[in-house]
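In: model the following, please.
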Amino acid sequence: MTRRILAALVGLTAVLLAAVVVPLGAFAAHHDSQVFVERTEAASLALASQAEERLADDKEGRARAPIAVRDKDDRFSVFDIHGAPLAGIANAVSVSARDRSAALLGQRSEHWTDEPDRFVVVLPVTSSGRVVGIAALARPAESLRSEQARLWLGLAAAGAAALLAAVLLALALARWVGRPLRRLETAAARLGEGSLSARAATQDGPAEIRQLSTTFNQMAGRLESLLASQRNVLADVSHQLRTPLAALRLRLELMRQDVGGSADDLDGLLEEVQRLSHLVDGLLAVARAENATAAAEVIDVTAVTEGRVEAWSPVADDAGVALSVSSPPGSAVPARALATAGNLEQVLDNLLANAIEATPEGGRITVTVARLAASVRVTVADTGPGMSEAAREQALRRFWSETRAGREAPGDRHGTGGTGLGLAIADRLLSVDQGSLVLAAADEGGLAAIVELPAAQGRNPASAFRHGD
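Out: Numbering: from 1, shown residues only. So this is what the prediction gives:
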């Protein structure tokens, strides 16, 4: 915006100056030249009058009248009717044969000479209506050229001052308009990244921008209030449900001990209570994930992945599933990414739990880590029944589940199993870190969960992005 305002205002000023100053300078220069010529012509007439007296004195034998010019820089010559210069007068101006012939015919001629730069007037000297001689006067043009140079220099200085003023005015105007717009853009970007506390300044700029900033702040405030209310309700309800569910589970367990081994109905009730407890824990996890405020930091994706695979290996062994990790040890480019501490661990826990639950006995789960140009990719692929394309598109939604092909996705044994929240939480955590989660068909017919995080190579951890509010 600054460049556009600067170009528009300076361009308009330049056009106006060109349209006004150049014609004005040309007119003033022409006027000065015209005045110079008129004054030279007047001096030449005075010279011709003195020459007529001198020629008359020479003819009658009287004392010679002196001939002088008013301007000491003027040069002149006087010739008789035969073209001979008068005695005692320096022949300072040469007259061409053409000008001499015109003067003898009673005509005045005038012209500019280049070397030296001067204006020459040749006119007849008459007495009683007859041509009796020729007078020539030459006036140097140095004073005229100097005056014209000062004129153009003054006009150029005035134009430059006007352009400088236009530049300063354009910069001030651009900053006055552009600075609050940039602040508003920054606030909108922060709001879009999840910082609901972002607000725009409402004190600077034109009235329209101040009003726009006020409207933006009102919208951001309402949005923050609505989302905070939603999160608080979700967190409060989930937290309040945990206590009665725990008490109900305890009572049911005590009742089962009292009735002995014939309490099948109580076992079913306990399973339902357990499922509700997982659901409540999942809702709390969603609320916390959506209200994340920590700053991202550089993490070693390979080390984190190997650690989670090692932690889940006993669970996979119990289920009869082979769990392995493939990472690039010794790679010239380390697999480092920007992420919130603990987020990737939770995402991998959800994905590994789902994969172990869905993979039949004798199957395998392969976890790979790859360093791409601008991101780090972690893929969790299993040999389970997989999911349809339509199911994969819906699987990241909350409370979604699919039981076709024997798969209940997104089930999760790690805190939120069977609630339909595991993949939703993982997707939210990755979104907070500017990453992504994609479900695709694995090469061996199962499901491949692909996690991508922004790479941290060449990035300063101190400049890592901050999210949430």
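
In: contacts, neighbours, all on C-alpha from now
Out: Noted.

In: test my guess that A201 contacts P180.
Out: Yes - at 7.0 Å, A201 and P180 qualify as touching, with contact defined as CA atoms under 8 Å.

In: the more surrounded of these two?
Out: Shown here are A201 and P180; by other CA atoms under 10 Å, P180 has more neighbours (21 against 16).

In: show me the residues around the more buried one that make contact.
Out: Contact analysis of P180 by CA atoms under 8 Å, 6 or more residues apart in numbering lists 201, 204-205, 209.

In: for it, phi and psi?
Out: Dihedral angles of P180 (phi, psi; degrees, to the nearest 10) stand at phi -70, psi -30.

In: how near is it to R4?
Out: 16 Å (CA to CA, to the nearest Å).

In: let me see the mean pLDDT of stretch 32-50.
Out: Averaged across stretch 32-50, pLDDT comes to 91.

In: could you list the residues in contact with it?
Out: By CA under 8 Å, 6+ apart, stretch 32-50 touches 65-70, 119, 121-125, 134-139, 144, 148.

In: quickly note the distance from V37 to A136.
Out: 14 Å.

In: when the two are compared, which one has more neighbours?
Out: A136 (30 against 20).

In: OK, contacts around that one?
Out: 44, 76-78, 93, 95, 120-123.

In: format these as CSV; extra columns: secondary structure, neighbour count and distance to A18.
Out: Shown next, in CSV, are those (DSSP: H, G, I helix; E, B strand; the rest coil; neighbours: other CA atoms under 10 Å; distance: CA to CA, whole Å):
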residue, secondary structure, neighbour count, distance to A18
S44, helix, 24, 38
F76, strand, 23, 42
S77, strand, 21, 44
V78, strand, 31, 47
V93, coil, 18, 41
V95, coil, 20, 42
V120, strand, 25, 34
V121, strand, 24, 36
V122, strand, 30, 39
L123, strand, 27, 41
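
In: quick one: which of the residues you listed is nearest to G194?
Out: Nearest to G194 among those is V120, at 85.3 Å by CA to CA.

In: just checking, that closest one touches D99?
Out: No - in this structure V120 lies outside contact range of D99 using CA under 8 Å: 10.6 Å.

In: shared neighbours of the two, anything?
Out: Contact criterion CA under 8 Å, 6+ apart; residues shared by V120 and D99: none found.

In: A165: neighbour count?
Out: Neighbourhood size, A165 [other CA under 10 Å]: 14.

In: now do the helix or strand hosting it, average pLDDT.
Out: Here A165 sits within helix 142-192, counting by DSSP states H and E. Helix 142-192 shows a mean pLDDT of 87.

In: next one: stretch 318-330
Out: Computed over stretch 318-330, the average pLDDT equals 80.

In: just the contacts of P180 now: which is nearest E444?
Out: The closest of the contacts of P180, once distances to E444 are taken by CA to CA, is A201, at 55.7 Å.

In: for that closest one, phi and psi?
Out: Torsion angles, degrees, to the nearest 10, at A201: phi -70, psi 140.

In: how close does it sit to L184?
Out: The separation that A201 has from L184, given CA to CA, amounts to 7 Å.

In: which neighbours do these two have in common?
Out: Going by CA under 8 Å, 6+ apart, residues that sit against A201 and also against L184 are S213.

In: so who does the residue nearest to L173 when sequence neighbours are not counted touch?
Out: Excluding its sequence neighbours, the residue lying closest to L173 (CA to CA, 6 or more residues apart in numbering) is I5, at 7.8 Å. Residues near I5 by CA under 8 Å, 6+ apart: 170-171, 173-174.

In: same thing with R175?
Out: Neighbouring residues of R175 by CA under 8 Å, 6+ apart: T2.

In: which element is W312 on?
Out: W312 belongs to helix 301-318 when assigned by DSSP H and E.

In: kindly format the C-alpha coordinates of that helix as PDB.
Out: Extracted C-alpha coordinates of helix 301-318, given in PDB (Å, rounded to 0.1, in the frame of the first residue of the first chain):
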ATOM      1  CA  VAL A 301      10.800 -37.100  15.900                       C
ATOM      2  CA  THR A 302      12.800 -40.300  15.500                       C
ATOM      3  CA  ALA A 303      13.600 -40.500  19.200                       C
ATOM      4  CA  VAL A 304      10.000 -39.800  20.200                       C
ATOM      5  CA  THR A 305       8.600 -42.400  17.700                       C
ATOM      6  CA  GLU A 306      11.100 -45.100  18.900                       C
ATOM      7  CA  GLY A 307      10.200 -44.400  22.500                       C
ATOM      8  CA  ARG A 308       6.400 -44.800  21.900                       C
ATOM      9  CA  VAL A 309       7.000 -48.000  19.900                       C
ATOM     10  CA  GLU A 310       9.100 -49.400  22.700                       C
ATOM     11  CA  ALA A 311       6.400 -48.500  25.200                       C
ATOM     12  CA  TRP A 312       3.600 -50.200  23.200                       C
ATOM     13  CA  SER A 313       5.600 -53.300  22.200                       C
ATOM     14  CA  PRO A 314       4.400 -55.300  25.300                       C
ATOM     15  CA  VAL A 315       0.800 -54.500  24.400                       C
ATOM     16  CA  ALA A 316       1.400 -55.600  20.800                       C
ATOM     17  CA  ASP A 317       3.100 -58.800  22.000                       C
ATOM     18  CA  ASP A 318       0.100 -59.600  24.100                       C
END
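
In: which strands or helices does that helix pack on?
Out: Helix 301-318 sits against strand 322-326, strand 336-339, helix 343-358, strand 364-371, with contacts defined as 3 or more CA pairs under 8 Å, 6 or more residues apart in numbering; DSSP states H and E.

In: what angle sits between it and strand 322-326?
Out: 170 degrees (axes from the mean of the first three to the mean of the last three CA atoms, to 10 degrees).

In: got the buried residues for stretch 143-162?
Out: Residues of stretch 143-162 classed as buried: 144, 148, 151-152, 155-156, 159, 162 (neighbour count, 16 or more other CA atoms under 10 Å).

In: quick one: that stretch to chain centroid distance?
Out: For stretch 143-162, the separation from the chain centroid amounts to 40 Å (computed by CA atoms, centre = their mean, to the nearest Å).

In: same thing with stretch 202-219?
Out: Using CA atoms, centre = their mean, the offset of stretch 202-219 from its chain centre is 21 Å.

In: what about V15, neighbour count?
Out: Neighbourhood size, V15 [other CA under 10 Å]: 12.

In: contact partners for it?
Out: So V15 contacts nothing (CA under 8 Å, 6+ apart).

In: let me know the closest of the contacts of P180 to L223.
Out: Using CA to CA, the contacts of P180 come closest to L223 at A201, 17.8 Å.

In: from L212, how far off is that closest one?
Out: 10 Å.

In: residues in contact with stretch 212-222?
Out: With CA under 8 Å, 6+ apart as the criterion, stretch 212-222 contacts 184, 191, 196-202.

In: can you flag the buried ones in these?
Out: 184, 191, 196, 198-202.
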